[in-house]
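1. Sharing a model prediction with you, sequence too.
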Amino acid sequence: MMSDAKQQIREAASFIENRLGLQPEIGLILGSGLGIIAELIQEARVIPYRAIPHFPVSTVEGHAGELVGGMIDGKPVVMMKGRFHLYEGYDASAVTFPVRVMKALGVKRLIVTNAAGGVNTGFEVGDLMLITDHINNMGVNPLIGPNDEELGVRFPDMSEAYSKRLIRLAHRVAESQGFAFREGVYMGNLGPSFETPAEIRMARILGADAVGMSTVPEVIAAGHAGLEVLGISCITNKAAGILDQPLSHEEVMEAAEQVKPKFLRLVLGMIGEM
């Protein structure tokens with residue numbers, strides 16, 4: 001079974017490499033409404049997910065379902081415009097398959113972004129939060145099952161799942177642009193229903209500052225693969241129970257659109273320094 005998985009990774013990576021004609025150093029996985037970062041890419045080449053061998057297909061509004069490669073500030077990059085989620089019905093190995101493929105392509109550093117609900121009552125809609133740690137509340141781990149030492153060790157260390165070096169770099173870039181990041185802990189929940197007010201109170205007690213339905217499986221796989229990770233949450237709404245109003249995906253998309261100019265400048269600055 002593991003040899004089949006490695007073969008699929010090789011086939012997907014080979015296909016992408018031939019289409020992109022470059023060896024990316026930096027990978028990006030972009031959350032809801034945040035695919036606008038692809039506008040930064042020079043000499044962009046776009047590959048629909050459906051064309052890539054063994055790749056799943058994104059089914060969520062706000063996720064374009066394209067792999068884009070090219071140059072940003074002189075650095076070869078590859079980015080996913082849209083990711084895969086457990087709530088779509090994919091298993092954890094499918095959700096994290098693109099991370100394995102990025103590693104096979106030569107990626108060493110990974111930026112993951114997401115749209116998240118603010119649990120910390122001091123956060124405002126439009127804030128950008130550097131993820132310092134996460135809580136896996138999804139009930140599954142992508143490393144369950146036989147382990148292949150060529151992909152990573154059996155028991156990977158997660159004490160620094162999010163690179164302190166890259167967090168410091170992000171703060172320096174933000175400061176140079178007159179902006180300040182928030183910092184916090186991201187809790188990954190299974191979804192697709194938004195959390196209840198009671199679940200948000202639980203998240204706050206457990207130490208979460210933001211909640212979402214992605215990122216955690218990919219970061220676990222990236223840590224297993226030895227990638228250095230920077231995580232950024234766009235706080236697109238105050239989580240359930242903080243305001244007396246219902247939550248919607250449209251609200252998430254609107255907030256992501258509002259933060260677009262700031263987000264683009266920050267990511268461009270960070271990639272230039274990575």
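-> Thanks, I have it. Quantities reported herein were computed from a predicted structural model and do not represent experimental measurements.
2. Could you point out which residue ranges in the stretch 1-150 of the chain have low pLDDT?
-> 1-3, 32-35, 59-64 (pLDDT under 70).
3. Beyond the host helix or strand of residue 167, next helix or strand please.
-> In this structure, residue 167 is located in helix 164-176 according to DSSP states H and E. Under the assignment DSSP H and E, the closest C-terminal helix or strand after helix 164-176 is strand 182-189.
4. Next, the buried residues of that following strand.
-> Buried residues in strand 182-189, counted by 16 or more other Cβ atoms under 10 Å: 182, 184, 185, 186, 187, 188, 189. For the C-beta atoms, the positions are set from N, CA and C on the backbone; glycine is no exception.
5. what's residue 212 in contact with, if anything?
-> If you count contacts by Cβ atoms under 8 Å, 6 or more residues apart in numbering, residue 212 has them with 31, 114, 115, 116, 117, 186, 187, 188, 189, 233.
6. Quick check: the second one touching residue 217?
-> Just to be clear, that refers to residue 114. No - using Cβ atoms under 8 Å as the test, residue 114 is too far from residue 217 to be in contact (11.9 Å).
7. Mind telling me which residue is nearest the centre of this structure?
-> In the chain, the residue lying closest to the centroid (Cα atoms, centre = their mean) is residue 112, at 2.8 Å.
8. host element of that residue?
-> strand 109-118.
9. next one: that strand to chain centre, how far?
-> For strand 109-118, the separation from the chain centroid amounts to 5 Å (computed by Cα atoms, centre = their mean, to the nearest Å).
10. Pull up the pairing partners for it, direction included.
-> Strand 109-118 pairs in its sheet with strand 26-30 (parallel), strand 210-212 (antiparallel), strand 228-238 (parallel), by DSSP bridges.
11. Report the inter-axis angle for that strand versus strand 182-189.
-> Interaxial angle, strand 109-118 versus strand 182-189 (axes from the mean of the first three to the mean of the last three Cα atoms, to 10 degrees): 80 degrees.
12. Spatially nearest residue to residue 258 (excluding sequence neighbours)?
-> Of all residues not flanking residue 258 in the chain, residue 126 sits nearest, at 5.8 Å (Cβ to Cβ, 6 or more residues apart in numbering).
13. ok, that neighbour - contacts?
-> So residue 126 contacts 234, 235, 255, 258, 259 (Cβ under 8 Å, 6+ apart).
14. Now it: phi and psi?
-> Note on residue 126: its backbone torsions stand at phi 100, psi -10 [degrees, to the nearest 10].
15. gap between it and residue 269?
-> Distance of residue 126 to residue 269, given as Cβ to Cβ, to the nearest Å: 18 Å.
16. re earlier: so for the helix holding residue 167, what's the average pLDDT?
-> For helix 164-176, the mean per-residue pLDDT is 96.
17. which stretches of the stretch 51-200 of the chain form helices?
-> 92-105, 164-176, 197-206 (DSSP state H, counting those that start in this stretch).
18. before we move on, the earlier item: kindly compare burial across the strands paired with strand 109-118 and name the winner.
-> strand 210-212 (a mean of 27; mean count of other Cβ atoms under 10 Å).
19. Show me which positions of stretch 160-179 end up buried.
-> Using 16+ other Cβ under 10 Å as the test for burial, stretch 160-179 gives 161, 162, 163, 166, 167, 169, 170, 173, 174.
20. thought the first one was touching residue 220?
-> Right, the one you point to is residue 161. Yes - contact criterion Cβ under 8 Å: residue 161 and residue 220 qualify, at 7.4 Å.
21. which stretches of the stretch 151-274 of the chain aren't confidently modelled?
-> 240-249, 251-253, 255-256.
22. what sits up against the longest helix anywhere in the chain?
-> The longest helix of the chain (DSSP state H) is helix 2-20. Helix 2-20 has contacts (Cβ under 8 Å, 6+ apart) with 23, 45, 47, 52-55, 67, 69-70, 78, 93, 97, 100-101, 104-105, 146, 148, 150-151.
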